[in-house]
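Trainee: What would the 3D arrangement of this be:
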Amino acid sequence: MKNIADIFYNPSSTSDAISQAGENMFLAIHKAPANERNLNNYRYAAFMKSSTKVKSDLSSLPPTKGAPKQHSFRVCLQIQQWLNNQLPLDQWGGPEETMDPYP
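Mentor: Now for the predicted structure:
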């Protein structure tokens, strides 16, 4: 887990590395087998296992691959801002500067 966290603290981490670190974190949180490296595959396996039960709980399924990716970008951006490293907001999940904060 520490190796995953180190990626978020490195201001020069690539978006692919951050995305993969986030996916690995979500796999660890959902107690996926150590050899599983794809969140979508694990989600499908968890769904198939859940669908055999009389009362399945879809809310217990892990998210799809896209959700952790965006979450990881926001986490990385927040950590870098705490460390006083300014990253381009539009590339790391932050709001676009041209967005109007009022509806």
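Trainee: which residues does Lys65 contact?
Mentor: By C-beta atoms under 8 Å, 6 or more residues apart in numbering, the contact list for Lys65 reads Glu23, Asn38, Leu39, Asn40. (Each C-beta comes from the backbone N, C-alpha and C, glycine too.)
Trainee: can you tell me which of these are in helices?
Mentor: Secondary structure from DSSP state H places Glu23, Leu39, Asn40 of those in helices.
Trainee: Any regions of the protein where pLDDT drops low?
Mentor: Scanning the chain for pLDDT under 70 picks out 1, 92-103.
Trainee: which helix in it runs the most residues?
Mentor: Per DSSP H, the chain has its longest helix at helix 66-82.
Trainee: Now tell me what touches that helix from outside.
Mentor: With C-beta under 8 Å, 6+ apart as the contact definition, helix 66-82 has outside contacts at 7-9, 11, 13, 15, 18-19, 21-23, 25-26, 39, 86-87, 89, 91-94.
Trainee: how about a cut-off of 10 Å?
Mentor: The contact list for helix 66-82 (C-beta atoms under 10 Å, 6 or more residues apart in numbering) reads 4-5, 7-11, 13, 15-27, 29, 39-40, 62-63, 85-89, 91-94.
Trainee: And the residues you listed, which of them are buried?
Mentor: 4, 7-8, 13, 18-27, 39, 62, 87, 92-94 (16 or more other C-beta atoms under 10 Å).
Trainee: separation between the residue nearest the centre of the chain and Leu87?
Mentor: Taking C-alpha atoms, centre = their mean as the criterion, Pro68 is the residue nearest the geometric centre of the chain, at 2.2 Å. Noted for Pro68: a distance of 19 Å to Leu87, by C-beta to C-beta, to the nearest Å.
Trainee: do Arg74 as well
Mentor: Distance from Arg74 to Leu87, by C-beta to C-beta: 11 Å.
Trainee: now the helices for this protein?
Mentor: Using DSSP H, helices in the chain cover 2-9, 15-29, 39-51, 66-82.
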